[in-house]
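**Student:** model the structure of this input:
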Amino acid sequence: MRALLACALFLGAAPLRAELLPEEQNTIRVFKEAAPSVVFVTNIAVERDMFMDELAVPQGAGSGFIWDKEGHVVTNFHVVNGGDRFLVTLDGQTQLEARVVGVDPRKDVAVLKIKAPQAKLEPIRLGSSDSLQVGQQALAIGNPFGLDNTLTTGIVSALGRQVQGIGGVTIHDMIQTDAAINPGNSGGPLIDSSGQLIGMNTMIYSQSGGSAGIGFAVPVAYIKRIVPQLIKYGRVIEPGIGVVVLPDRLAYQILGGALGGVVVRQVEQGTPAARAGMRGLMQDPETGRLILGDVIVGIDGTPVTDFDDLYNALDDHRVGDTVTVHTLRNGRKRSYRVQLVNVD
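**Tutor:** So this is what the prediction gives:
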């Protein structure tokens, strides 16, 4: 009888709750703290039907995160590319109209702005990508396939990756992670185990279009540099030397082969390059034949073989810095000390 009673009491008792591991508790805490900073971005195209009535057609969506209390939202350029209207859905399902403040296609970064009470705006906490280590925890939050605030976890798989971006140039120093990233995650935050932003989820490497455990994020070091410029100027202030270069494809076609550098098409008057004595393409008045001027082959000792190399070599600097430009002219090596200026 006592045994039956004990059995009955045991069966009727509430099940014991397993204690969460410290790592699990931290992940839960970090997600709860960061989730209110993550938003869902809808890209809408405005089309006209046969009766010339306007139709709002959703053409894509992605994620983003709140940057500040003024209502700026950061996402990927490819999330907003081609859109006419944009909607931002906050944590709690509040949906607001947004406008584009500025974009940087080459780093795949865009900034939107919404009007919302400051109490509803929870800016993401900014971290650092300079001291990241392979193997440390990485957490991705976003809206894959439109599923609200999904968390995936993994590690930093590799650092310093070079990935071809939507803007046509290679994005350097990308963070690789195995935290699952799927369509809709683009523009969402990649955070560390303390809940600080270390990157923005941007693209995946996949044969199927789904997550294959290889995702890439723009490092927060780029984002902290780019976003304030997009907010203030609507564009990124790019450093240059005051020359117009010939696109690689045209250089190959017009000049009959790869030259192992970037052809200077024109040196703009009054620029540092002009004062340094650089020359662009010229045309023989009698024969009409193009005569090469300077072909840029290096910046500060870093080899330059194409426009991609030139862009990234200059991108490591700021307006006002002085660099040494290495060129070839008539088969002779030349070097010019040039101060970088703002490229409009």
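**Student:** list the contacts for Thr42?
**Tutor:** Contacts for Thr42 (C-beta atoms under 8 Å, 6 or more residues apart in numbering) come out as Pro58, Gly60, Ala61, Phe86, Leu87, Val88, Thr89. Just so you know, the C-beta spots here come from the backbone N, C-alpha and C atoms, and that holds for glycine as well.
**Student:** and the gap between it and Thr94?
**Tutor:** 13 Å (C-beta to C-beta, to the nearest Å).
**Student:** equivalent analysis for Val88, please.
**Tutor:** Counting by C-beta to C-beta - Val88 and Thr94 are separated by 9 Å.
**Student:** and those two? Which one has more around it.
**Tutor:** More crowded of Val88 and Thr94, by other C-beta atoms under 10 Å: Val88, with 22 against 13.
**Student:** just checking, that one touches Ile114?
**Tutor:** Yes - the pair Val88 / Ile114 is scored as a contact, 5.1 Å apart, by C-beta atoms under 8 Å.
**Student:** spit out the residues that contact these two alike.
**Tutor:** Overlap of the contact sets of Val88 and Ile114 (by C-beta under 8 Å, 6+ apart) consists of Val73, Leu96, Glu97, Ala98.
**Student:** can I get those residues in a markdown table with distance to Arg106?
**Tutor:** Converted to a markdown table, the shared contacts of Val88 and Ile114 look like this (distance: C-beta to C-beta, whole Å):
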| residue | distance to Arg106 |
| --- | --- |
| Val73 | 20 |
| Leu96 | 28 |
| Glu97 | 27 |
| Ala98 | 22 |
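**Student:** where do the strands sit along the stretch 201-344 of the chain?
**Tutor:** For the stretch 201-344 of the chain, strands defined by DSSP state E, counting those that start in this stretch occupy the ranges 215-219, 238-240, 243-245, 262-267, 282-283, 290-291, 295-299, 302-303, 322-329, 332-339, 341-343.
**Student:** not counting sequence-adjacent ones, nearest residue to Leu328?
**Tutor:** Excluding its sequence neighbours, the residue lying closest to Leu328 (C-beta to C-beta, 6 or more residues apart in numbering) is Val295, at 4.7 Å.
**Student:** quick one on the thing from earlier: which one of the contacts of Thr42 sits closest to Asp306?
**Tutor:** Gly60 (30.7 Å; C-beta to C-beta).
**Student:** residues contacting the closest one?
**Tutor:** Thr42, Asn43, Val79, Gly82, Gly83.
**Student:** 10 Å - rerun?
**Tutor:** 41-45, 78-83, 183-184, 186 (C-beta atoms under 10 Å, 6 or more residues apart in numbering).
**Student:** ok, so of these, who is nearest Thr170?
**Tutor:** Proximity of these to Thr170 (C-beta to C-beta) peaks at His78, which lies at 15.7 Å.
**Student:** how much space separates the residue nearest to that closest one when sequence neighbours are not counted from Glu268?
**Tutor:** Once flanking residues are discounted, His78 sits nearest to Ile166: 4.8 Å by C-beta to C-beta, 6+ apart. Ile166 sits 28 Å away from Glu268, going by C-beta to C-beta.
**Student:** repeat that for Ser37.
**Tutor:** In terms of C-beta to C-beta, Ser37 sits 43 Å off from Glu268.
**Student:** repeat that for Ser63.
**Tutor:** In this view, Ser63 and Glu268 are 41 Å apart by C-beta to C-beta.
**Student:** equivalent analysis for Gly127, please.
**Tutor:** For Gly127, the distance to Glu268 (C-beta to C-beta) stands at 40 Å.
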